[in-house]
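> Let me see the structure of the following:
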Amino acid sequence: MAEDRELRVRALLDSVRAEGRTALTAPEGKVIADAYGIAVPGEELATDVDEAVAYAARFGGPVVMKIVSPDILHKTDAGGVVVGVEGAADVRAAFHRIIENARGYNAEARIEGVQVQELLPKGTEVIVGAVTDPTFGKVVAFGLGGVLVEVLKDVTFRLAPVSADEALSMLDSIKAAEVLRGVRGQAGVDRWAVAEQIRRVSQLVADFPEIAEVDLNPVIATSEGAVAADIRIILADQVPAARRRYGRDEILATMRRLMQPRSVAVIGASNEPGKIGNSVMRNLVDGGFAGEIHPVNPKADDILGRKAYKSVTDVPGEVDVAVFAIPARFVAAALEEVGRKKIPNAVLIPSGFAETGEHELQAEIVAIGERYGIRLLGPNIYGYYSTWQDLCATFCTPYDVKGGVALTSQSGGIGMAILGFARTTKTGVSAIVGLGNKSDLDEDDLLTWFGEDPHTECIAMHLEDLKDGRAFVEAARNTVPRKPVVVLKAGRTAAGARAAGSHTGALAGDDAVYDDILRQAGVIRAPGLNDMLEYARGLPVLPTPQGDNIVIITGAGGSGVLLSDAVTDNGLTLMEIPPDLDEAFRRFIPPFGAAGNPVDITGGEPPSTYEATIRLGLEDPRIHALVLGYWHTIVTPPMVFAELTARVVAEFRERGIEKPVVASLAGDVEVEEACQYLYERGVVAYPYTTERPVAVLGAKYRWARAAGLLGGAS
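Numbering: from 1, shown residues only. Got it, this is the predicted structure:
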């Protein structure tokens, strides 16, 4: 059955191509809709006015009449649509008016006739569509349709094809989800029927890569079903060539030798201070790398006390990584030698490739890499750090604080911001990797490796684009159940300048697609650079929450209100305090304080009140996370608060009770030291902000949901 369906569609698409067209007519769209079970109204193509009258009479009620022309894509703009036509006289008048309008709109247009279509009953207008995204390939879209589609832009996206469950989830992912469930006495829509339209469109574009865009707009959704009033299909000018893909085992084998090398060659090593080749050598030597370091320079015999080789082919034994510190114009020839030496990884620090318009030069090195099986990191990068190997293969400042955070960046400047943040906050890292032009190795390769790396607990990635969005999503889905993945996607305000021939295409701006699909993959998207870094720093510190109930305990009513706002803003849930728990909190706070949630203990309370209420919050199994708001007073100084909080949290963890605890400290400069003390002891704490600690807690919850460790949607 599926094979017959595909043969029918293939024959139709081939005939459209043979005519030199990319846009299908409405009758051609109906052929495809019927083949894929996409519900459309009854319709006929009238080639003259008498046929139009006969077809309208056969439908036995009001009809919609539309121009059919391969040269008129937007029928409404051409005055080629008349709705609610009834009776022979009106049909004749509408037919002539549509033809006249079409000729006035485009005198050269080929006119095949007028489509006579059943008028659908009133219902909720939605849009179902699909586009070919340059990053993610075939993407299916759903949202409010009709005239609202480009006004509200309330649309959500998923990778195609989608399962039935994924299609249903799209109905709940738009802001107007409640409208679909029924409001003000109106019945909700047939959700299964709408989801089936989404699923079938997604399967269509997955089966036929040459279909660039599909637009069902509007789909009239009622409690009885969902029918597409209009279908528009556009073919691509050409199908992009498939990117070379590596298997998971291949990626891990190469990445292991890159991140855990036993031998490194530096091509362009130098004795001259100020040269990149000198800086790379110094960082490798001074960083304490225990493996072999081989300088390569045809004009030197000895570099930093190590034997230098004229060519990398002269280096004895196996080499795992070749680090390039030579000008761009010499890279190709040296890479050939790396290939002959069978070195699996080349770290290309030099700039002067695609980023400066030298696309052919970059294509040349990619071809050499593919020919010899060399994976290329870069070019145009600062290098990389693999701290657990004491490896600092970069010309930038060294960093050696070992920990569980892996950080990557597409930009050298952002890479150095990462480095400075890590140093200032004492964040231990497992790796810092520059990706630059991403001529070969990219985020999905690194994510595959870091997902398996026992030293890495959390991965944070700055990126400007993804070369292969589907490969990244696959790697993220494999990693997220075990480790959080945080992404800072630059360029989120870009308008998606690609010209589009459909409503769906116009709505699929790059960032809208990135946002939904990264969420679909379980990735935590950071709004800014500092957010990404703070999430990466904080997520490994916080235990995984066991439920949604959050309680705020605060010494200042004002902080409590702001913390409550932050909880809501981050999609978290303030616990409704049951009477017995409310009474228990009241026993520890003064009569002028306030129980409920937030629990306001007031600012003049001694340390014992903070301690008693925090203990109660940790003790009660119905509470799953605590947000603390501290107000600096002489009665309870900052370090006293920090020490008692850390002590109580540690005591409960020793008893096997681990809950996320975050804190906002308001006060004089002493709160900075108190926050550092708390952070080092497992409480994510920040001075002068109520938003930041709750944002980190929110990121932890988003990961826990995506990883399947909590109920509910991410």
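> Could you list the low-confidence segments of the stretch 551-700 of the chain?
By pLDDT under 70, the stretch 551-700 of the chain has no low-scoring segment.
> Just the strands from it, written as ranges.
Using DSSP state E, counting those that start in this stretch, the strands of the stretch 551-700 of the chain run over 573-574, 599-600, 625-631, 661-666, 684-687.
> Contact partners for the most centrally placed residue in the chain?
Nearest to the mean C-alpha position of the chain, by CA atoms, centre = their mean, lies Leu518 at 2.3 Å. For Leu518, the contact set (CB atoms under 8 Å, 6 or more residues apart in numbering) comprises 476, 487, 489, 525. Backbone N, C-alpha and C define where each C-beta goes, glycine included.
> again, only this time at 7 Å
487, 525 (CB atoms under 7 Å, 6 or more residues apart in numbering).
> How about Leu446?
Applying CB under 7 Å, 6+ apart to Leu446 gives the contacts 408, 433.
> So it: helix, strand or coil?
helix (DSSP: H, G, I helix; E, B strand; the rest coil).
> what about the helix or strand hosting the residue nearest to the centre of the chain, average pLDDT?
Taking DSSP states H and E as the definition, Leu518 sits inside helix 510-520. In this model, helix 510-520 has an average pLDDT of 88.
> ok so, going back, state the distance from the residue nearest to the centre of the chain to Pro590.
As judged by CB to CB, to the nearest Å, Leu518 and Pro590 stand 47 Å apart.
> Pull out the buried residues from stretch 288-297.
Of all the residues in stretch 288-297, those buried under the rule 16 or more other CB atoms under 10 Å are 289, 291-297.
> So which of those is the closest to Tyr36?
Of all the buried residues of stretch 288-297, Gly291 has the smallest distance to Tyr36: 57.0 Å, by CB to CB.
> With adjacent residues omitted, what lies nearest to that closest one?
Arg262 (4.6 Å; CB to CB, 6 or more residues apart in numbering).
> again, but for Gly603
Nearest residue to Gly603, sequence neighbours excluded (CB to CB, 6+ apart): Trp631, at 4.4 Å.
> Does Pro687 touch Glu672 like I think?
Yes: using CB atoms under 7 Å, Pro687 is in contact with Glu672, at 5.1 Å.
> hmm, back to that, generate JSON lines for the buried residues of stretch 288-297, with pLDDT, secondary structure and distance to Lys483 as supplementary columns.
Converted to JSON lines, the buried residues of stretch 288-297 look like this (pLDDT from 0 to 100; DSSP: H, G, I helix; E, B strand; the rest coil; distance: CB to CB, whole Å):
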{"residue": "Phe289", "pLDDT": "96", "secondary structure": "coil", "distance to Lys483": "26"}
{"residue": "Gly291", "pLDDT": "97", "secondary structure": "coil", "distance to Lys483": "27"}
{"residue": "Glu292", "pLDDT": "98", "secondary structure": "strand", "distance to Lys483": "31"}
{"residue": "Ile293", "pLDDT": "98", "secondary structure": "strand", "distance to Lys483": "31"}
{"residue": "His294", "pLDDT": "98", "secondary structure": "strand", "distance to Lys483": "34"}
{"residue": "Pro295", "pLDDT": "98", "secondary structure": "strand", "distance to Lys483": "36"}
{"residue": "Val296", "pLDDT": "98", "secondary structure": "strand", "distance to Lys483": "37"}
{"residue": "Asn297", "pLDDT": "97", "secondary structure": "coil", "distance to Lys483": "40"}
